[in-house]
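K.L.:
here is a sequence together with a model predicted from it:
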Amino acid sequence: MTDYKNIVVLTGAGVSAESGLQTFRDNGGLWEGQRVEDVATPEAFAANPAFVQKFYNLRRQQLLTPSVTRNAAHDALAAFEQSFLGEFTLVTQNVDNLHQQAGSKNIFPMHGELLKARCVSCDSVCEWSDDILAESACGHCGCRASLRPHIVWFGEMPLYMSGIEEALERCDLFVSIGTSSVVYPAAGFAQVAHYNGATTVELNLEPSAHGSKFDKAYYGLATQVVPNFFAKL
Ligand code: OAD
């Protein structure tokens, strides 16, 4: 078994690609001719809530398609966490629930969760698997037209940052999986871990924006490189 005592794993859309969920930058990052970064903002939601809700309603529907399920990469991470005697933290930029489906426990979904809705009136967060519509009422305060996806939009603060920063301070191994490493603050986590003395590893289909800066890198499909890497650790 490994000598590492404190492992932080960061995942991105690439870990869920083989589950049938498109990554963000695969199709040029466009949706209905608009950059995803222009749809996923508080300003876009204020200007055209129905348009932004539609984007997330379609993604939620896709996530709930029976053919979309966890894959061997999600399973390998959950199994490793269960058998590891040290501290294991999974930070994911993904808003799907596939890591949770696989059984990952100590997980920080820093960009929010598609299967939750947040009320902008009372700030409560609830489980949500249907479309969010203009007439949808908050289950907590009953307010209508106040629900938004529980998603961190561009310009908003990611969730769980203090827990993530603490884990990055303590870790001796940092593994980045299936992310293009272009969206901050997640794109900077490898460097923070490196400054704190951790070994850094990239597992991805191809070198990411910071690929050359990792101590080690293994390239290929997540369903192959992730189980291989954690089996050998
Ligand atoms: P991207 O779409 O930017 O990057 C996905 C990465 O996964 C790329 O580097 C691909 O090469 C890699 N990849 C694709 N298929 C793979 C496979 N089968 N196995 C392994 N790797 C594969 O997605 P993210 O980096 O996750 O933010 O994007 C970061 C954030 O940008 C997202 O969380 C989202 C988006 O805008 C918000 O919504 C706030």
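P.N.:
Structure's in. What do you need? Just so it is clear, the structure is predicted and the values come from calculations on it, not from any experiment.

K.L.:
the biggest strand by length in the chain pairs with which strands, parallel or anti?
P.N.:
Looking across the chain with DSSP state E, the single longest strand is strand 112-119. With DSSP bridges as the test, strand 112-119 is paired with strand 125-127 (antiparallel), strand 147-151 (antiparallel).

K.L.:
and the contacts of that strand?
P.N.:
56, 59-60, 63, 95-97, 124-129, 132, 136, 138, 140-141, 143, 146-152, 159 (CB atoms under 8 Å, 6 or more residues apart in numbering). To be clear about C-beta, it is placed using only N, CA and C from the backbone, and glycine gets the same treatment.

K.L.:
same check, this time on stretch 187-196
P.N.:
With CB under 8 Å, 6+ apart, stretch 187-196 has contacts from 8, 10, 91, 164-165, 168-171, 174, 176, 179, 181, 200, 202, 209-210, 213-215.

K.L.:
identify those among those that sit within helices.
P.N.:
I164, E165, L168, E169, R170 (DSSP state H).

K.L.:
adding pLDDT, distance to S16 and neighbour count, write these out as JSON lines.
P.N.:
Shown next, in JSON lines, are the ones in helices among the contacts of stretch 187-196 (pLDDT from 0 to 100; distance: CB to CB, whole Å; neighbours: other CB atoms under 10 Å):
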{"residue": "I164", "pLDDT": "98", "distance to S16": "20", "neighbour count": "21"}
{"residue": "E165", "pLDDT": "98", "distance to S16": "25", "neighbour count": "13"}
{"residue": "L168", "pLDDT": "98", "distance to S16": "23", "neighbour count": "24"}
{"residue": "E169", "pLDDT": "98", "distance to S16": "28", "neighbour count": "15"}
{"residue": "R170", "pLDDT": "97", "distance to S16": "27", "neighbour count": "16"}
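
K.L.:
could you list the contact residues of the chain toward the ligand?
P.N.:
12-14, 17-18, 23-25, 36, 40, 93, 111, 152, 178-180, 183, 204-206, 208, 221-222 (CB under 6 Å from any ligand atom).

K.L.:
now P42: closest residue in space, sequence neighbours ignored.
P.N.:
Distances taken as CB to CB, 6 or more residues apart in numbering put W153 closest to P42, at 5.5 Å, once the chain neighbours are dropped.
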